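Engineer: Here is my input, please return the structure:
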Amino acid sequence: MKDRYYHVDLKNKTIVLIYMLYFGDMVSISPFLEVLRREAEGSKILLVMDARFQEAVKYNPNIDEIIPFDRHGREKGMGATWKLGKKIGALNPDILLTLHGTTRSTLLALAMHPKHWGGEEGTRIDSFFMDWPMTIETYNSHAVDKYLKVLERLGVKDLHHSGMRTFTSPEWEKKADDFYRAHGISPKDRLVGLSVGSSTAEKNWPAEKYGKTADHFAEKGMIPVFFGVPSELPLIEKAVSVMKSKRYVMAAGKLSMGEFMAAAGRCSLAFTNDSGPMYVFDSRGVPTIAMFGPSNAKFHHPLGPCSKALSSWDMPMGPEHVNKTIASGQYTLISKISLEDVIEAGEWALAESESIKRE
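Structural biologist: Next up, the predicted model:
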């Protein structure tokens with residue numbers, strides 16, 4: 001069924017958003033939040049999100065209040081979900097938008113009882129209560145654009161935005177500066193950030209190739225910085241084991257999410273898989289080279305003018321989630337992306353960045 005278009009007054013309202021996905025997803029909705037804030041003059045915007053990733057949007061000026069939900073901990077049951085919905089309902093929300101529909105979002109909405117409800121259905125019963133049902137996961141546009149289309153369907157005409165953005169704090173910036181200083185890095189040093197892991201092994205470009213990439217740019221006077229979570233340390237150790245250069249910084253597991261965002265912004269170039277850090281580097285204005293295998297670069301590529309996605313194959317448009325693509329085995333392994341192509345893309349990104357700075 002084709003989505004309908006509505007004419008919704010977003011001004012001077014209490015607007016609740018439900019979006020409980022992951023780190024990178026929280027970055028990808030930053031253009032949506034920017035446009036919503038501009039259009040919803042005088043409104044209060046509340047975001048219900050996964051408690052684990054709230055630092056990703058903690059200082060976003062386009063959100064008035066974050067409502068964290070521990071969906072994998074003590075609040076994961078239906079009772080806790082209903083209780084939170086009732087608590088939010090006491091704020092008398094005028095508009096509820098579910099940006100990713102699940103059984104949990106349905107339960108929250110029913111308990112909340114907003115004046116108007118739109119977005120993606122979580123269960124079959126949603127359509128009986130929704131004022132503005134929509135298909136959000138269309139698989140025919142970039143992740144950023146599919147959320148902007150929600151606002152377009154609500155009647156918003158001006159969808160221009162500043163790209164994906166993350167916001168830090170003086171505290172996080174100081175922690176990042178202290179970390180670099182402790183590793184002998186001065187503000188004048190040029191850093192190349194590397195994030196060798198992701199949520200799925202099949203999405204990981206070979207760690208050894210990351211190490212050789214780091215070596216190439218170390219020879220050009222840059223200092224490699226390896227970011228990640230503690231579980232990615234074995235991959236990072238594989239990367240550094242093939243490096244000739246012994247000057248690199250191990251940041252994995254040593255920075256909070258917010259501190260990582262601040263530290264990432266110091267890099268002059270970054271290399272990542274399809275992952276949350278990819279979106280963070282890009283959102284901080286860092287030229288980002290991202291490698292894609294089973295996930296679709298058409299939908300998730302970085303947006304910066306000096307960023308580029310390299311894919312192991314020309315994945316067709318279609319409704320396949322990355323996990324289904326992996327299960328099918330019908331894709332080209334990410335390892336097929338050559339070291340030479342990645343280094344060439346990095347060189348292009350640096351040259352493009354310098355050219356823009358000179359303009």
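
Engineer: would you list every one of the helices in the stretch 1-150 of the chain?
Structural biologist: Counting by DSSP state H, counting those that start in this stretch, the stretch 1-150 of the chain has these helices, from start to end: 23-28, 30-39, 78-89, 103-112, 143-153.

Engineer: after the last one, next one along is what?
Structural biologist: Sequence-wise, the next helix or strand downstream of helix 143-153 (DSSP states H and E) is helix 170-182.

Engineer: got the CA coordinates for that following helix in CSV?
Structural biologist: Extracted C-alpha coordinates of helix 170-182, given in CSV (Å, rounded to 0.1, in the frame of the first residue of the first chain):
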residue,chain,number,x,y,z
PRO,A,170,34.3,20.1,27.1
GLU,A,171,34.7,17.2,29.5
TRP,A,172,34.9,14.6,26.7
GLU,A,173,37.2,16.9,24.6
LYS,A,174,39.5,17.3,27.6
LYS,A,175,39.6,13.5,28.2
ALA,A,176,40.5,12.9,24.6
ASP,A,177,43.2,15.6,24.8
ASP,A,178,44.6,14.0,28.0
PHE,A,179,44.6,10.6,26.4
TYR,A,180,46.5,11.8,23.4
ARG,A,181,49.0,13.8,25.5
ALA,A,182,49.7,10.7,27.6
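
Engineer: in it, what counts as buried?
Structural biologist: Neighbour-count burial for helix 170-182, with 16 or more other CB atoms under 10 Å as criterion, is recorded at Trp172, Glu173, Lys175, Ala176, Phe179, Tyr180. All C-beta spots, glycine's among them, are computed from the backbone N, C-alpha and C.

Engineer: Looking at the residues you listed, which one is closest to Ser28?
Structural biologist: Closest approach between these and Ser28, by CB to CB: Trp172, at 20.5 Å.

Engineer: That closest one contacts Ala264, doesn't it?
Structural biologist: No - when contacts are counted by CB atoms under 8 Å, Trp172 is not listed as touching Ala264 (10.8 Å).

Engineer: how about low-confidence regions in the stretch 251-359 of the chain?
Structural biologist: Applying pLDDT under 70 to the stretch 251-359 of the chain picks out residues 316-320.

Engineer: same thing but at 80, please
Structural biologist: For the stretch 251-359 of the chain, the stretches with pLDDT under 80 are 315-321, 359.

Engineer: Do a quick rundown of the helices in it.
Structural biologist: Going by DSSP H, counting those that start in this stretch, the stretch 251-359 of the chain shows helices at 257-264, 276-283, 297-300, 322-328, 339-358.
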